[in-house]
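Colleague: fold the following.
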Amino acid sequence: MYSEELSGQAPAPRPAPMARTIAATVAAFIVPGLGHLVLGRVVRAAIIGGVIIAMFALGFVMEGHLYKPDPGEWLTWFFSALDAGMGAPYFLCVLADWGVQITPEQAAKVTFEYGNTFLSVAGALNMLAAMDAYDIGVGRKS
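Modeller: Numbering: from 1, shown residues only. Predicted coordinates for the structure are as follows:
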């Protein structure tokens, strides 16, 4: 360890206990930023959670809609998986039937496709954030 300090290299990150790593990864998939909070990365948790939740909310402000899998349309399965990456917010919205139905007036709005994109990207970013929490937990990064 002393030789690492002399050579200018940062010490290798220490892995968290496996139970904590698993809890952080699952928590990150459920609520954006929660996995980093479990690992004690408060600032990173606030930034990740805030940005992803803001993006999800902006998707609704732009009148986008959430996808649900439709057996006859294979592309809905792809976008449903992206949206479901948000975790609990997606499933709560689907259960409440909020943002799932499309009206002709909503689809005609200029911001409709932007809203759809924001919702899908928020889910994809949350999946990446969960993988980041896992990497921190196993000691691959600090």
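Colleague: when you work out contacts or count neighbours from here on, use the C-alpha atoms and nothing else.
Modeller: OK.
Colleague: before we move on, which element is the spatially most central residue of the chain in?
Modeller: Nearest to the mean C-alpha position of the chain, by Cα atoms, centre = their mean, lies Asn126 at 1.2 Å. Using DSSP states H and E, Asn126 sits in helix 112-138.
Colleague: where does the chain dip in pLDDT?
Modeller: 1-8 (pLDDT under 70).
Colleague: can you map out the strands along it?
Modeller: Under the criterion DSSP state E, the chain contains no strands.
Colleague: where do the helices sit along it?
Modeller: Here the chain has its helices, by DSSP state H, at 2-7, 18-30, 34-38, 42-61, 74-84, 88-95, 104-108, 112-138.
Colleague: what's the spacing between the longest one and its chain's center?
Modeller: If I follow you right, that is helix 112-138. 3 Å (Cα atoms, centre = their mean, to the nearest Å).
Colleague: ok, the third one next?
Modeller: Distance of helix 34-38 from the chain centroid (Cα atoms, centre = their mean) equals 12 Å.
Colleague: that one - contacts with which helices or strands?
Modeller: If you count contacts as 3 or more Cα pairs under 8 Å, 6 or more residues apart in numbering; DSSP states H and E, helix 34-38 packs onto helix 18-30, helix 42-61, helix 112-138.
Colleague: likewise the fifth one?
Modeller: Packing contacts for helix 74-84, counted by 3+ Cα pairs under 8 Å, 6+ apart, involve helix 88-95, helix 112-138.
Colleague: around Trp74, how many other residues sit close by?
Modeller: The tally of other residues near Trp74 (other Cα atoms under 10 Å) stands at 10.
Colleague: wait, what's in contact with it?
Modeller: By Cα atoms under 8 Å, 6 or more residues apart in numbering, the contact set of Trp74 is empty.
Colleague: from here on, count from 52
Modeller: In the new numbering, first residue 52, that becomes Trp125.
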